[in-house]
Structures are given as structure tokens and as C-alpha cells.
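A.B. asks: Sequence unavailable; structure follows:
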């Protein structure tokens, strides 16, 4: 029986389909108090006064605290954490949950109301009067770079850090000097609002006598939460239990240690009453970090045939007002991928991180890699036009290993790609798309001068996931390891229980982990229960982000299963009076080689291990093993996407007609889940390309915090997708798996904009800034034809 | 004020403030937390319930306005442990991931097929324009709706006939 | 977000609603389907101290043949207007536009009277009523009066309805052979139009046979007729020449989706497409 590789229906679904799934806002504790946040209406100002008297007198109000009062209460041992100081001299202004003295972005918390109900907390927060002393706001990267106004009054410069990866500067200069073709392109990665459908929420329930607190949070990272809140509040780690119940999507937005989480924890601990809060959607634009926010400059050097000689990149990255958990590191996650899937002899990357007076940025689906993929894949199309070849041909000429299959290949950005096989990926994508027919239709429309023109865009991406070898993270200055922990046990009745340090929020880990265990132990996946996301049940774990769960956490489970089998073998051999080496394990039972009638099912061994009546001398009872897996390398999924768009040149409207995605994430556990991850990922990248844009004005106000104006696309705007897969196993782990959580997003924005630019190329248009709104496209056509 | 209504076939009554939106009435007063809140602008559809059999956004209706009406939430759709055809189709086709938009999406789709039992793909996509999902890219949601429309055609024809 | 507190009054009849409005004056707001008002109240952009609920006045939900016109009760929901055979056959534009408002959930709850009384320049139904040359019936303490659509919209979210008047009925001329076109340009299906155009040309069976009504969505402070287009057509201009005048007299708003230049262009394009569809 093999279930791995089959599209097993998810075991998570019945609960979620019937309303039984409990998200944080669904959980209540007796006597709970609601927090109502008083948020700054100014991007940058001194706080000259906070009058809480009217709010304190409102019905149901228990208390109103200003930042100064909260500091006096001694709730915090340290500012909120940044776990990724990317350089030793990185500037990192103190960030406490509530502002004192000066606010640095609209929506920063100035005071907190505690009231009996959600409505009362909202009512009272409205009544707090804040007087501000306005200061000049820094509301763009361009403005930050001038270092005129400062985002924090005490800073000498808005620049936080400069990070560089230039392995061989002389070789890079030589490559550019020798080149026939040069491409210099600048791209804007607009800020995005991650928008998991479940807004973030928190509920802290104190155990008054014991001094402990249970913290329910809609978090991707309950383990980080427990450790880092302990470190920053002074509440002992042993007294904090963090639980991420059903979590309604994350996409990086729930990968943080947030002011509200620290407030709920410390206030509950201090007051001895449960404290809760759930962000409203419009509040989330300020209470939850945003994604992207980069200006990219990429330069390519190529020979006469278009073969790359060098790639040079500089980023200016918008940190926002503060360094959150991994804010400064996000751009660097992409640094290694600016040479894409191509053989590039010389490479250089630099990044400046800038403070601005806007909501902090941090991880959002892909975190650094969609940006990198976008820059190199857009630039390759520009190079193709210069060389005079098609976008497919320029890619073929430059693929690593000539497009042939490779393993453990060193690339100039100092990494070793685990495996790749890019040629067939492109072939399959073009074949599925009917590339020649599309080009013919495009030519027909152009010749006919039709108002609706066709554009075809390619992107062959590679990404870096499976975070990560702990040593590698240490080398990057990341304040955590990259291992994952798992426990696999067989219960006395023969059912399996898995404790995973991975923390799913929609990815279907319970199903995938059950499938791995089922195949390993030869049992039914329905007989496997997966426990996770509660630090009291799963105390060791490094959580789910960076498409790491399968390649690290899933592998840990498989390896723990191997240990369980090893122990079971010793017990079986002992009880069957055979040599362990003479036992074969298959279909969930040990059989003595050559004596097929002598078998012992693993369930019987589990019961025997529980009874412990007849175990080998010195063996611990019970059939339970644990594994902490630290991978030897990252994983490098790849794929080729083809977007087909129709551009209405009269209005500038872009319609996505077709989307073909060929992805390779190594071996697949559950193809149903893999495909679902690709689908969702595609839309988030397409949304960046065509719809989404957090629009900040010059004063640091966000013009579109709600879903009325921040345009998350619906089913009506999307086609069905045409997906296919190639399988190039990773040699870096025993399952041969990679990761698929972010791949769709990493491939899709570039494919779509390449398609839009392809459609517009007869006008001489070579770039359209994201999102390619109708107005932006129309204006580009107008300007090109002037 | 006292608000009485029939929810999932049961008479339910609660004393609420006049300003209470139906979604908070269902969630907070009646404990039916399957109906979710995903936005504050009537945009996302996570709060969709059936009001007298038709999909509505329960964040944009006062509980007081629904007195005497019949409300169906996601908790009332399955028959015991036997999933409703729409729920079953979502499971078959992997039409959900994190599950947060799912109750609203399932009920919106149920209302859609009750009005149009054999829609085209384009009609399904247009018909779900008021429900946002961030996980699935909609592909498998649309597939699920088309799947049940085809495989449970008799059921949906009966639903349409009952209207 | 949660609305600020208010007193809730359920009106048992139109007269009771008018009496409540008379009693509470500016402090009171009528609520039908609530799909215009509740969103404003959630952000506390509207904070009425009294909400007069008229959503149960079922006698104001109907579609009737009024002889030369169709009479549609103010509380008729968008989905009912959309599905009405009478509206489809006699005022196809209105049925179609009712099916374009918001999304299905909105159409199951929102009412034609509520939408018109809100007077939102970005809203679809006011433009349809303008193009069709319709009117509304307003009932107040002194009785009823008919307000032509062209007189109804007086300012941003302001109408000619007095504070103590209730919009009870919508009237549109019957036009079984009226040709029509509706052009809604938006970025997502559920969104309001960036610019929209409702247009119709009266058929032979109509008193104003051959005349063309063209109305614009989101091109100014109010829902508005494209008067320059209409007069150009009336004086025999070609469709293309008439469409070029689409933005005359408008004050297109500037927002994230479009500036005045782009909206002007869209109005011209969409009017051109609409006139082409009218044939």
C-alpha cells in the first residue's frame, strides 16, 4: 500500500467545512476584556498629550493606558524583537508595543482601552484625544534616500544598513567591460498588504495562581512567539503556552511578534484577566506588516549571442518605520537568486535598507524571491529584444548546465543548487501553451490592427526554500536555527500519533504527514493523528514559513518513523526469537526472511512495547522516537510559467486569458495539495502584477486600507489554470522533496508583466510598472505614440 | 432589544443592542462561530449566510432586521455527519485550504446553484464575485461548484424547483 | 467595525416611517436593505441617532404595469428587479443594470429605492433611471409628489427628497422595443464602476420614439445625464462625434483608479461603445 504520491482527500476538511474549526476569534474565556487600540493618525509626530478621561468614563471600560503608563508599569524587559540583524552595525530603533514620545507611522498604537465588549472597546478608543506635534514624514524610498527629513528624529540617516554580496568585484567589472550587450533596468516592487482572509487576533488567558499565561494567536510561529515574548517581557518561557488554533492563512503576515500579542500577554499577566483583540480588516493595514517595498536596479552583461557574462544588482529596500522580526533580511533572501536559472560567471548584489514613516515591511509570500525572480526574468526579456531572439531562446542559451539535469551545482551567488533540469520545464510549458499558435494569433491581431492585442510572457524561476541548514542561517546572521523536530509514537491500540514542530495554517500538513507516516509504518493514514501548533504539546519546533515544512519538518517525521521501525525491529526480533537482520519490514509487519508465516504487525509490537512485559534487556518501554532534522542544504524548486494576456489598447485593460504553469518541487507527497498551493500562489503573483498596491500618499497616509480599494482579485477576474509538473528529486533529503508554498507567486508576477510588455512591444514600450492598471497601460500607450 | 429568528431550523432568541450586526449576533449571542468576519466593507463574503434561502452578507444586516426570518449558517448545512453536496464537492475537489472563506463560499455557491442549477464556468466565477479567497486561487472552488452541479444535478434541480 | 449606538424604530407602514422622520428630523435615517447605510455606519461616517427600519414594508415591494409606465415599489430588491419578466420585457436596461449592482449577496438584500435615495454618483441604478427618463414617487406628510430622475440628484449623496419624505415607487416608461446598452468599466467584478454608461434609444412604441438617453456613472458629484451627447445626437451628429462630447459638463473625480484625463477618455470610449450597441 502506497499513499504517498496519491491525491488523498484532506482530513482537515470536514471540520473546516462545517464551521467546527476554531479560529482565535471563535474562542472565548470567562471575564475576558477587549483591547481597543488608539492608533496614530499622523505618520510622524511628537505625542504632545493623550487625554484618556472621556474614554475612561465610557460604559464597560475597565482601563485606558497610554504608552508612558505602560512603560511605567514595567511590562517589557526589551523592545519587540528583530531576529535578523543583517549587519553588525545595522541601525534598529527601539520598538515598543505602544509609542511614547514620538509616533513613526500612521496606525502605531498610542493608547490601549480595556473594555467588556468589542463594541465598547471600539467606542471608547474613539474618545481618546491625542494632541500631536507634526514632524515631516518620509513616505517613499526615494524620499528616504535624500536623507532630508528623517523617519525617526533621533537618527542621523534613514539608512539602516548596507549589505553586500560581491564574491569577486574584479571579475564583475571585467564581465561588464567585455560585454557586447548591456541591460540596465529599474523596477519597483510596490508594497503589498498580505491579507490572509482571517484577520489577526490574540487571546491571552492567565492562570492567576500559577503565574502562567496561555496565549492563543493567529500565528504562523507559535514557537517563536513563546521564546521571543518570554525574552522581551521577562515572563519566564516556562510560564507561556502559545497556541495557534485554526489559522486562516498566513502568507508571512502571521510570521511576526506583534505589539498586540505582547500587549495581550503582559496585560493579562499583570491584571489576571483574559485579554483579547482582533484586528479589523482596515486596521490590518497598520497592525500587520506589509510585503515587498523595493526599488530594484539590475544590470546584465552579455556577449554577442546573449550569453550572460555578469549580473549586478542594487536594491533600496523599504523597512517601514521599524525592524520587525525578519524585516531587514527579507531582501537578502532574494539576493542569491538574482542570477535566476542561468549560468552567470560574475555576480554582485548590494542592498540598502531604509526607514520610512509607513507600516513596517516583512515577509510576504516568497519574501525576497518573487522580487529577485521578477527582476532577472524581466531583464532577460529586455536582453532578448536587444539580442534579437525570442524570450524562449534567450533562456535556453543561458540555462545552468545547458538546460540538462544537474545535481549539487555551485552558482556564483555562493550557493549550491540541489538539483535542476530546466530545459524540459520550458519545453513542456511551451507545448502546453501551444506557443507557436499563440505567436501566430498574436501576429494576426497585430497585422489586423485589432484593438485587443495578445501578449505572451514567460518566466523560468528558481527559488530557495526548505529553510534551512542552521549553519547557513547563522552565516547570514539569522537569530534562529533551521532544524525541525518531530515525534512519532505508536499508541497502545496501534494508532500512530505524530507531534510536529511545523505549524500549518491551511497547507494540509495533517494530511501530508499522515501519508508519510502511513507509508513508512504500513498503516492506514486515517490511523495517524497529527498534533501541532501548541507549545505544551509540541514544545520544540521552528514553525512554518519559507516553504520549509515538508523539506525539513516532513523529513524529520520520516526519519523519526525510521527510528520507530528500528526499535520495533529489535522488539520483534526479541519476541520472535530471530536475528534483527533476518527480519523484513513491509506492509506494516515484520516477517522472518524465508518464513512468511512468521510475522508480527507493528501494532502488536506497539502494544508489547507499552506492556513492557517482554522487551530486550535495557530497552525503554513504549514505541516512540523523536528526530530533529537539520538539513544539509536549501531546496531549489523551479518551473516555467506562461501567461497569456489580452490588452485592450483603447482602455488599457489587461485580461489574463490563460495561465500555464509547469512546476518542479521534487517528489510530491500529495499532488492535490501541491496543485492547490500552485493555484493560490499564482493568484497572489498575478494580483501583484495587475491589481494590488498599497498606495501611500506623500504625508504617509494609506489611501486604500480596506478591501473596497485594496483590490484582492475574485474568481471573476481569474481563468482556470493549466498546470503540469516535472519531478527532479532533491538529493538534499531522503524524501527527495523540495517545497511548493511560494513557487506559484515567485513565477507569476514576472510572467504576467512580460506578457503585458510583449503585447505592447510594437509601441516600443519595454516596461510597465506594477500593478499594470488600466490607466497606467493606457497612459504608457499614449506617451509612446506621442 | 429582543431578537427572535429561526437559525438552522431552531427558534433562537437573544437580547441584543440595536446596532448588533447579524454576524455578531450569530457569533457572539448564539455561539455559531462558523460564520466568519473577513473585512469591514461588505467586500469579502466570509460572513455569507442564507437568509430565507438566499445568500446575504451578515455583516451588512442588523440582527433586528432579521426578526422572524430563517437563517442558515454553515453549521446548519450538513445533515448530521453527512456533508451537504456542496460541502462534499469542496472536499472532493480540494476547494479549501485554510478554511476561513469556506463557510461563506460554500453558502454563496449553494445559493448560486439554487438559482442556476447548471451554470457555465463563467457564470460560477461571476456568481462568486462577492467572495474572496486568498489560498486556492479559486481554481478548485470553481471546479467544486461545477462538479456538484453535474454530479448532483437532481439535487440542485430539486432545490431550484423549491424556489 | 461596529456602528455607533442608535435608537431603532421599526416602521409598520409608510405613514409611520414618515411620522418617525418628521419627529426626529436630521437625526434619523431610513434603512431599507441597509446596503448603502450600514457600510457608512460601520466606519462611523454616518452616525444617525435614530434608524427607521422600513425593510419589512412588503407592500412597497412590487412590479406593476402602470399603463404607460412600469411602477416598481421602492423596497423591491435588485435580484427581484433583475428577475422580473415585466421589467425584462418593458425596461430591459433596468433589469440588466439591477443584475450588475455589487454582487449576488448585495442584490439579494439591496433595494432599488435605497440605491436611488442614496444618490451615489458611482452607483449603477441612478444612471439607468436617468437614461430611461424615469421618475420616483416621494411621499411625505403632505402627500405624494413625482420627481423626475433628472431632478432627483442634487449633490454628492444628496437628493431632492425632503428629510421627511420617503421614496415609495420608481417609475420608468414602458419600452418593449427600446434598445439599450450598459457599459461598466471596473477592475473587479464586485467594484463600483470607474466609469459607466447607461444608454437607451426609445423604439417606435414610445412617446419619445427615436430619442436617446445617455447617463454617466462616476463622472461627477451626482449621477448625471450626458447632456452634450444627447443634444449632439438630437441635432444629427454621428455617434462618434457625439461620443467625443461625453465628458462635457462633467467633473470627473480623481482617485486611485483614474484621474480626470483617464475618466474623460473612458467616458468617451464607453459612450462610443454604447451608441454602437444601440445601432
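C.D. replies: Yep, that arrived. These numbers were taken from a predicted model, which means no experiment stands behind them.

A.B. asks: pretty sure residue A:49 contacts residue A:128?
C.D. replies: No - taking contacts as Cβ atoms under 8 Å, residue A:49 lies outside contact range of residue A:128: 10.7 Å. Bear in mind the C-beta positions are built from the backbone N, C-alpha and C, glycine included.

A.B. asks: So these two - more neighbours on which side?
C.D. replies: residue A:128 (24 against 11; other Cβ atoms under 10 Å in any protein chain shown).

A.B. asks: Show me which residues of chain B sit near chain C.
C.D. replies: Selection of chain B residues close to chain C by Cβ under 8 Å from any Cβ of the partner chain yields B:1, B:17-19, B:21, B:24, B:40-43, B:45, B:48, B:51, B:54-57, B:59-62, B:64-65, B:108, B:111-112, B:126-127, B:129-131.

A.B. asks: Give me the residue ranges of the chain where confidence is low.
C.D. replies: In the absence of a named chain, chain A is used. A:1 (pLDDT under 70).

A.B. asks: wrong one, chain C
C.D. replies: Along chain C, segments meeting pLDDT under 70 span C:205-208.

A.B. asks: and the spatially most central residue of chain C, what is it in contact with?
C.D. replies: Most central in chain C under Cα atoms, centre = their mean is residue C:126, positioned 1.9 Å from the mean C-alpha point. Counting by Cβ atoms under 8 Å, 6 or more residues apart in numbering or on different chains, residue C:126 touches C:115, C:116, C:119, C:120, C:149, C:152, C:153, C:215, C:217, C:223.

A.B. asks: wait, which of the residues you listed is closest to chain A?
C.D. replies: Nearest to chain A out of the contacts of residue C:126 is residue C:120 (Cβ to the nearest Cβ; 12.8 Å).

A.B. asks: burial measure for that closest one, as a count.
C.D. replies: Counted with other Cβ under 10 Å, residue C:120 comes out at 19.

A.B. asks: list the contacts for it?
C.D. replies: C:36, C:126, C:157, C:192, C:223.

A.B. asks: next one: residue A:442
C.D. replies: When contacts are counted by Cβ under 8 Å, 6+ apart, residue A:442 touches A:453, A:454, A:455, A:456, A:758, A:759.

A.B. asks: Could you find the closest non-adjacent residue to residue A:562?
C.D. replies: residue A:520 (7.1 Å; Cβ to Cβ, 6 or more residues apart in numbering or on different chains).

A.B. asks: Residue A:231 is in contact with residue A:76, isn't it?
C.D. replies: No - in this structure, residue A:231 is not within contact of residue A:76 by Cβ under 8 Å, at 10.6 Å.

A.B. asks: higher neighbour count, the two?
C.D. replies: Set residue A:231 next to residue A:76 and count neighbours by other Cβ under 10 Å: residue A:76 wins out with 19 against 14.

A.B. asks: Whichever strand or helix holds residue A:745 near chain C anywhere?
C.D. replies: Per DSSP states H and E, residue A:745 falls inside helix A:743-760. No - using Cβ under 8 Å from any Cβ, helix A:743-760 stays clear of chain C, coming no nearer than 14.6 Å.

A.B. asks: just how off-centre is the helix or strand that that helix is followed by within its chain?
C.D. replies: Per DSSP H and E, helix A:743-760 leads on to helix A:774-784 as the next helix or strand towards the C-terminus. On the basis of Cα atoms, centre = their mean, to the nearest Å, helix A:774-784 sits 33 Å off its chain's mean C-alpha point.

A.B. asks: what's the distance between the residue of chain C at minimum distance from chain B and chain A?
C.D. replies: With Cβ to the nearest Cβ as the measure, residue C:103 is the residue of chain C nearest to chain B, at 2.7 Å. Distance from residue C:103 to chain A, counting by Cβ to the nearest Cβ, to the nearest Å: 8 Å.

A.B. asks: what's that residue sitting at in phi/psi?
C.D. replies: With angles defined as degrees, to the nearest 10, residue C:103 sits at phi -140, psi 180.

A.B. asks: That one and residue B:44 touch, don't they?
C.D. replies: No - judged on Cβ under 8 Å, residue C:103 makes no contact with residue B:44 at a distance of 10.5 Å.

A.B. asks: which SS state does residue A:49 fall under?
C.D. replies: Using DSSP: H, G, I helix; E, B strand; the rest coil, the secondary structure recorded for residue A:49 is strand.

A.B. asks: For the closest residue to it other than its chain neighbours, the count of nearby residues, please.
C.D. replies: With Cβ to Cβ, 6+ apart as the criterion, residue A:49 has its nearest non-adjacent residue at 4.2 Å, and that residue is residue A:131. Look at residue A:131: counted by other Cβ under 10 Å, it has 11 neighbours.

A.B. asks: and residue A:131, that one's in a strand?
C.D. replies: Yes - membership of residue A:131 in a strand is supported by three-state DSSP.

A.B. asks: For it, list the residues it contacts.
C.D. replies: When contacts are counted by Cβ under 8 Å, 6+ apart, residue A:131 touches A:47, A:48, A:49, A:50, A:51.

A.B. asks: got the contact list for the closest residue to the last one other than its chain neighbours?
C.D. replies: Sequence neighbours aside, residue A:129 is the residue nearest to residue A:51 in space, at 4.1 Å (criterion: Cβ to Cβ, 6+ apart). Residue A:129 makes contact with A:49, A:50, A:51, A:54, according to Cβ under 8 Å, 6+ apart.

A.B. asks: mind checking how far residue A:129 is from residue A:705?
C.D. replies: The gap separating residue A:129 from residue A:705 is 22 Å, by Cβ to Cβ, to the nearest Å.

A.B. asks: Just give me the neighbour total for residue A:703.
C.D. replies: Residue A:703 has 13 neighbours, counted by other Cβ under 10 Å.

A.B. asks: isn't residue A:313 right next to residue A:374, touching?
C.D. replies: No - using Cβ under 8 Å, residue A:313 makes no contact with residue A:374, being 11.8 Å away.

A.B. asks: still on that earlier bit, how big is the angle separating the helix holding residue A:745 from helix A:774-784?
C.D. replies: Counting by axes from the mean of the first three to the mean of the last three Cα atoms, to 10 degrees, helix A:743-760 lies at 40 degrees to helix A:774-784.

A.B. asks: Check which helices and strands helix A:743-760 sits against.
C.D. replies: The contact analysis (3 or more Cβ pairs under 8 Å, 6 or more residues apart in numbering or on different chains; DSSP states H and E) places helix A:743-760 against helix A:369-387, strand A:452-462, strand A:638-648, strand A:653-664, helix A:671-690, helix A:774-784.

A.B. asks: Could you check the angle it makes with helix A:671-690?
C.D. replies: Relative orientation of helix A:743-760 and helix A:671-690, computed by the same axes, to 10 degrees: 40 degrees.

A.B. asks: And helix A:743-760, how far out from the chain middle?
C.D. replies: In terms of Cα atoms, centre = their mean, the centre of helix A:743-760 is set 20 Å apart from its chain centre.

A.B. asks: And stretch B:135-154, by the same measure?
C.D. replies: 15 Å.

A.B. asks: quick one: strands adjacent to whichever helix or strand residue B:50 is part of?
C.D. replies: Per DSSP H and E, residue B:50 falls inside strand B:48-51. If you go by DSSP bridges, strand B:48-51 pairs up with strand B:54-57 (antiparallel), strand B:70-72 (antiparallel).

A.B. asks: residues of the shortest one that come out buried?
C.D. replies: Residues of strand B:70-72 classed as buried under the neighbour-count rule (16 or more other Cβ atoms under 10 Å in any protein chain shown) are B:71, B:72.

A.B. asks: do stretch A:42-62 as well
C.D. replies: Using 16+ other Cβ under 10 Å as the test for burial, stretch A:42-62 gives A:42, A:43, A:44, A:45, A:47, A:50, A:52, A:55, A:58, A:60, A:61, A:62.

A.B. asks: The last one: what's it in contact with?
C.D. replies: By that I understand residue A:62. Each residue near residue A:62 by Cβ under 8 Å, 6+ apart is listed here: A:33, A:114, A:115, A:116.

A.B. asks: before we move on, what SS does it have?
C.D. replies: strand.

A.B. asks: and the residue of chain B found nearest chain C, what is it in contact with?
C.D. replies: In chain B, the residue that lies nearest chain C is residue B:130 (2.7 Å; Cβ to the nearest Cβ). Contacts here follow Cβ under 8 Å, 6+ apart; on that basis residue B:130 touches A:714, B:43, B:45, B:48, B:57, B:108, C:102, C:103, C:104, C:105, C:106, C:190.
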